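In: fold the following for me, if possible:
(one chain, ligands or ions: 1)
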Amino acid sequence: MIRVEKICKSFEGQPVLRDLSFDVPDGRITALLGANGAGKTSCLRIVCGLLQADSGRVLVGDANPSTDPMAVRRQLGVVGDREGLYERLTVREYLSVFAEMQGLSGAALQEALQAVRDELELDALWNRRTKGFSQGERMKVSLARALVHRPQHLILDEPTRGLDVLAVRLLRKTLLRLRAAGTTILFSSHVMPEVAELSDRVLVMAAGQIVGAGTPGELAAETGCSSLEDSFVALAYGQRPVAAPVEGEPA
Ligand SMILES: Nc1ncnc2c1ncn2[C@@H]1O[C@H](COP(=O)(O)OP(=O)(O)OP(=O)(O)O)[C@@H](O)[C@H]1O
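Out: Now for the predicted structure:
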């Protein structure tokens, strides 16, 4: 489980996260939605230990990223929005480096590499240097890196951005398989149909706070909307649905 408790964060005196609190349960896929600039990436970077909160507390399992970042890293995989692949390394070399950093060696390391190679269909890329990789290829390698040590928790920041249909399908299949294995998954996205299809639970952020939380169906019931997109707009922008005018009746 991931727990975010009363996180505050400001940049240059401007509050971005304001007493932000939520839980992400195990074995579920949770989506974090919000308008551009709502604070999703800042929140995810704090959970990963890449950014310090001004106040509040985060727990990833039983580890706190600000006091025990190494313990968090062992049980967390991250697919971020600013992916830096080491362009001189082949995919195999790159993933080996990360697996070794996670303490894997010998037969266990080879097994871990083979598992992500198969799972993410990396055969054709395996011995290529990552320089010049397409967006979809980079995502696959990033996801393989995030999963190579089989973390309990997985965080993805807009993972489908720029991906083609097959890459999205592969990602979806992988996330569903991880969920079935009990992994705790938190991802941010702007793609409503994808969120509606994949997520067990949706968190809607606006101005650095959670303004809605529940299943897509619960959010629809709460807002009186018929789609997740409309529920999101109602919650994030305060725009409630209006009844469509009936033909022949004055608007
Ligand atoms: N390092 C930084 N320095 C200054 N301001 C920052 C920094 N990081 C984020 N911000 C600001 O914090 C706010 C929230 O940014 P953040 O990237 O967390 O939003 P987001 O919800 O992920 O947005 P998007 O959907 O556009 O990716 C924005 O106004 C952004 O400009």
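In: how far off centre is whichever helix in the chain runs longest?
Out: Ranked by residue count under DSSP state H, the longest helix found in the chain is helix 165-180. Distance of helix 165-180 from its chain centroid, counting by CA atoms, centre = their mean, to the nearest Å, is 13 Å.
In: how about stretch 71-80?
Out: Shown here is stretch 71-80, whose average C-alpha point lies 12 Å from the average C-alpha point of the whole chain (CA atoms, centre = their mean).
In: end to end, how far does that stretch reach?
Out: Across stretch 71-80, the terminal residues are separated by 19 Å (CA to CA, to the nearest Å).
In: quick one: mean pLDDT over that stretch.
Out: For stretch 71-80, the mean pLDDT works out to 93.
In: for the stretch 101-250 of the chain, what are the low-confidence residue spans?
Out: Low-confidence segments of the stretch 101-250 of the chain (pLDDT under 70): 240-250.
In: okay, strands next: where are they in it?
Out: For the stretch 101-250 of the chain, the strands defined by DSSP state E, counting those that start in this stretch cover 153-157, 184-188, 201-206, 209-214.
In: the second one pairs with which strands?
Out: Put plainly, it is strand 184-188. Within its sheet, strand 184-188 is paired with strand 29-34 (parallel), strand 153-157 (parallel), according to DSSP bridges.
In: and those strands: which comes nearest residue 87?
Out: Comparison of the strands paired with strand 184-188 against residue 87 by CB to CB identifies strand 153-157 as nearest, at 20.9 Å. (Glycine included, C-beta is placed from N, CA and C.)
In: and the closest one with the ligand, contact?
Out: No: judged by CB under 6 Å from any ligand atom, strand 153-157 stays clear of the ligand, getting no closer than 7.4 Å.
In: contacts for that strand?
Out: For strand 153-157, contacts defined as CB atoms under 8 Å, 6 or more residues apart in numbering pick out 2, 24, 40-41, 44, 47-48, 60-61, 75-81, 143, 146-147, 175, 178, 183-188.
In: can you show me the CA trace of it as PDB?
Out: C-alpha atoms of strand 153-157 as PDB (Å, rounded to 0.1, in the frame of the first residue of the first chain):
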ATOM      1  CA  HIS A 153       4.600  -1.000  -6.000                       C
ATOM      2  CA  LEU A 154       4.600   0.500  -9.500                       C
ATOM      3  CA  ILE A 155       4.300   4.200 -10.300                       C
ATOM      4  CA  LEU A 156       3.800   5.400 -13.900                       C
ATOM      5  CA  ASP A 157       3.500   9.000 -15.000                       C
END
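In: now that strand and helix 165-180, what's the angle there?
Out: Comparing the axes of strand 153-157 and helix 165-180 via axes from the mean of the first three to the mean of the last three CA atoms, to 10 degrees yields an angle of 150 degrees.
In: ok so, going back, okay if I get the strands of the stretch 101-250 of the chain as JSON lines plus mean neighbour count?
Out: Supplementary listing: the strands of the stretch 101-250 of the chain in JSON lines, determined by neighbours: other CB atoms under 10 Å:
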{"stretch": "strand 153-157", "mean neighbour count": "24"}
{"stretch": "strand 184-188", "mean neighbour count": "24"}
{"stretch": "strand 201-206", "mean neighbour count": "23"}
{"stretch": "strand 209-214", "mean neighbour count": "17"}
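In: in a markdown table, list the ones you listed along with distance to residue 53.
Out: A markdown table is the format used below for these (distance: least, CB to CB, whole Å):
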| stretch | distance to residue 53 |
| --- | --- |
| strand 153-157 | 16 |
| strand 184-188 | 16 |
| strand 201-206 | 15 |
| strand 209-214 | 14 |
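In: on that earlier part again, which helices and strands sit right next to the longest helix of the chain?
Out: The criterion is 3 or more CB pairs under 8 Å, 6 or more residues apart in numbering; DSSP states H and E, and the helices and strands that helix 165-180 contacts are strand 29-34, helix 135-147, strand 184-188, helix 192-198.
In: sounds good, over and out.
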